[in-house]
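Engineer: Below is the structure, and that's it, no one-letter string:
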Ligand code: GTP
Ligand code: MG
């Protein structure tokens, strides 16, 4: 086997934040600005992600040249994970961390920190994902004079002293909150050491102010601190299953984020399934059809022969019905390695699925990522876990909880995230009087249980 081709891939950037703080608007703005200006080398849609190429980054950051004449973009672009939501973010799990190289934590500067902001910070901390804070909606600060698509540093020159002091007040509010969570933070242009201090970039996703700085900062930080991590080569693909989806005419497919190597049609791969590892072969690799060639009689996807990291791709293959979102995805390099890769996958997954302590709560979730997020939240609060698994709440889960209830009633409960309680279980729940907490927002699920737990303890 000769020399392998290597290249620097796009950093994978996740956008997180509380509901309505402007995550989608931010990505739409980045996309829209580039489209409106008819920039060459357009932004490409991937499954579950989109890539802003270097050429577009350069153009969008062009107004910064005055301030940072040495700004050179070396990365091929940025891959943004479009579908934020903590559920999906949780699925970007990788042994020992996250597939995300960096994150943008969007905070509404008027509203400040909210429950999902805290939840996001906790996940970023646990997964050791570096992040910058986009302090969004600066256009809503009293007296703000908007300047479309302008650098923040330019726009503030034209704001009144009163507006500027309101802005500073808000930023210091964020600095204080971040400090409470263990992070030193500062407005980006006052940061001396980006390894120690979280940069806050004031932006407006609506007017575009501050977006040049935000993009330049992310590009700059990834070039400076993660060059090695971004080097990939022509090796069998590694990825993570973001979602498992039924598609008309295709059956069950998986949306995969590939962070390493090359994935080809007919490659044999392993993913985790409800009943153990699944070994199957890529039937087709699907990318979203570009908007301009959308035709009535064609599907939403186009077939490709291969994809290279970093990318999001839909994989159609037989036997994916039981695949688990949040699972690792490995291409098997050769036939004699199938067992080895099954074992690796199984090991990674069983670390999450069972946390057996004799007296602890029962956790049921829809994906490996959300299950892991629940387990970590329990660990933070020192709540023991007896059983943690992906899937609906079964009669057996209730039996487990009712055994715990006898000795430790505060833990004799079931937490169910985005899954159903099966009818067979309902009956026993009523009979045994097992408290069941259900919600499809993680922090609300936890809050309900913790509230009950505190009341119980009193
Ligand atoms: P979820 O996906 O529901 O979590 O929300 P999100 O974070 O994606 O927020 P979204 O982008 O949908 O924005 C929520 C609302 O805030 C929308 O009405 C936006 O128009 C508005 N909004 C977002 N960014 C800005 C901004 O910079 N300025 C102002 N004035 N409004 C904004
Ligand atoms: Mg959104």
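Structural biologist: Here it is on my side, so go on. The model shown is predicted, which means the values in this text are computed figures rather than measured ones. Ligands and ions are numbered 1, 2, ... in the order given.
Engineer: measure the residue of the stretch 301-450 of the chain found nearest ligand 2 to ligand 1 for me?
Structural biologist: Among all residues of the stretch 301-450 of the chain, residue 441 sits closest to ligand 2, at 14.0 Å; criterion: C-beta to the ion. (Each C-beta comes from the backbone N, C-alpha and C, glycine too.) Using C-beta to the nearest ligand atom, to the nearest Å, we find residue 441 at a distance of 11 Å from ligand 1.
Engineer: and that residue, what is it in contact with?
Structural biologist: Contacts for residue 441 (C-beta atoms under 8 Å, 6 or more residues apart in numbering) come out as residue 116.
Engineer: do the same with residue 399
Structural biologist: residue 428.
Engineer: Is it part of a helix or strand, or is it coil?
Structural biologist: Look at residue 399: counting by DSSP: H, G, I helix; E, B strand; the rest coil, its state is helix.
Engineer: for ligand 1, what are the nearby residues on this protein?
Structural biologist: 17, 19-25, 136-137, 139-140, 204-206 (C-beta under 6 Å from any ligand atom).
Engineer: out of those residues, what pair is the most spread apart?
Structural biologist: Within these, two members stand farthest from each other by C-beta to C-beta: 19 and 139, at 19.5 Å.
Engineer: When these two are compared, which one has more neighbours?
Structural biologist: Between residue 19 and residue 139, counting by other C-beta atoms under 10 Å, residue 139 is the more crowded of the two (18 against 12).
Engineer: Name the SS class of that one, please.
Structural biologist: Going by three-state DSSP, the secondary structure assigned to residue 139 is helix.
Engineer: Closest one of the residues of the chain next to ligand 1 to ligand 2?
Structural biologist: Nearest to ligand 2 among these: residue 24, at 3.2 Å, using C-beta to the ion.
Engineer: where do the strands sit along the stretch 251-400 of the chain?
Structural biologist: All strands of the stretch 251-400 of the chain, identified by DSSP state E, counting those that start in this stretch, fall at 251-260, 262-264, 268-273, 276-281, 284-288, 301-304, 306-308, 311-316, 328-331, 361-365, 385-390.
Engineer: Tell me which of the ones you listed is the most buried.
Structural biologist: Across the strands of the stretch 251-400 of the chain, the average number of neighbours (mean count of other C-beta atoms under 10 Å) peaks for strand 361-365, which reaches a mean of 27.
Engineer: returning to that earlier point: now that we have the strands of the stretch 251-400 of the chain, can you turn them into TSV and tack on mean pLDDT?
Structural biologist: Formatted as TSV, these follow (pLDDT from 0 to 100):
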stretch	mean pLDDT
strand 251-260	97
strand 262-264	98
strand 268-273	98
strand 276-281	97
strand 284-288	94
strand 301-304	93
strand 306-308	96
strand 311-316	97
strand 328-331	98
strand 361-365	97
strand 385-390	95
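Engineer: Next, format the ones you listed as a markdown table and append distance to ligand 2.
Structural biologist: Converted to a markdown table, the strands of the stretch 251-400 of the chain look like this (distance: least, C-beta to the ion, whole Å):
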| stretch | distance to ligand 2 |
| --- | --- |
| strand 251-260 | 17 |
| strand 262-264 | 28 |
| strand 268-273 | 27 |
| strand 276-281 | 31 |
| strand 284-288 | 18 |
| strand 301-304 | 23 |
| strand 306-308 | 26 |
| strand 311-316 | 17 |
| strand 328-331 | 25 |
| strand 361-365 | 22 |
| strand 385-390 | 25 |
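Engineer: So which of the residues of the chain next to ligand 1 is surrounded by the most neighbours?
Structural biologist: Most neighbours among the residues of the chain next to ligand 1, by other C-beta under 10 Å: residue 204, with 30 neighbours.
Engineer: Check for me that residue 170 belongs to a strand.
Structural biologist: No. Using three-state DSSP, the assignment for residue 170 is helix, not a strand.
Engineer: wouldn't it be in contact with residue 112 here?
Structural biologist: Yes. With contact defined as C-beta atoms under 8 Å, residue 170 reaches residue 112; the gap is 7.5 Å.
Engineer: what about these two, which has more around it?
Structural biologist: Taking neighbours as other C-beta under 10 Å, residue 170 and residue 112 compare with residue 170 leading, 22 against 16.
Engineer: how close does the nearest residue to that one once chain neighbours are set aside get to residue 138?
Structural biologist: Excluding its sequence neighbours, the residue lying closest to residue 170 (C-beta to C-beta, 6 or more residues apart in numbering) is residue 109, at 4.8 Å. From residue 109 across to residue 138, the span is 6 Å (C-beta to C-beta, to the nearest Å).
Engineer: Need the residues touching each of these two.
Structural biologist: Taking C-beta under 8 Å, 6+ apart as the contact rule, residue 109 and residue 138 both touch 167, 202.
Engineer: will you turn the strands of the stretch 251-400 of the chain into a markdown table that also has distance to residue 452?
Structural biologist: Putting those into a markdown table (distance: least, C-beta to C-beta, whole Å) gives the following:
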| stretch | distance to residue 452 |
| --- | --- |
| strand 251-260 | 35 |
| strand 262-264 | 45 |
| strand 268-273 | 32 |
| strand 276-281 | 35 |
| strand 284-288 | 43 |
| strand 301-304 | 45 |
| strand 306-308 | 46 |
| strand 311-316 | 39 |
| strand 328-331 | 35 |
| strand 361-365 | 11 |
| strand 385-390 | 16 |
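Engineer: nearest to residue 155, of those?
Structural biologist: strand 311-316 (33.2 Å).
Engineer: Run through the protein and note the low-pLDDT ranges.
Structural biologist: Across the chain, the ranges flagged by pLDDT under 70 are 1-2, 33-42, 83-85, 291-298.
Engineer: can you map out the helices along it?
Structural biologist: 23-36, 54-61, 85-90, 115-127, 152-155, 161-180, 211-225, 227-230, 338-353, 368-380, 395-407, 423-432, 442-457 (DSSP state H).
Engineer: got those as TSV, with distance to residue 197 columns?
Structural biologist: Listed next are the helices of the chain as TSV, based on distance: least, C-beta to C-beta, whole Å:
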stretch	distance to residue 197
helix 23-36	22
helix 54-61	21
helix 85-90	23
helix 115-127	15
helix 152-155	17
helix 161-180	10
helix 211-225	12
helix 227-230	21
helix 338-353	33
helix 368-380	24
helix 395-407	44
helix 423-432	49
helix 442-457	27
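Engineer: who wins for proximity to residue 102 among the ones you listed?
Structural biologist: With C-beta to C-beta as the measure, helix 211-225 is the member of the helices of the chain nearest residue 102 (6.1 Å).
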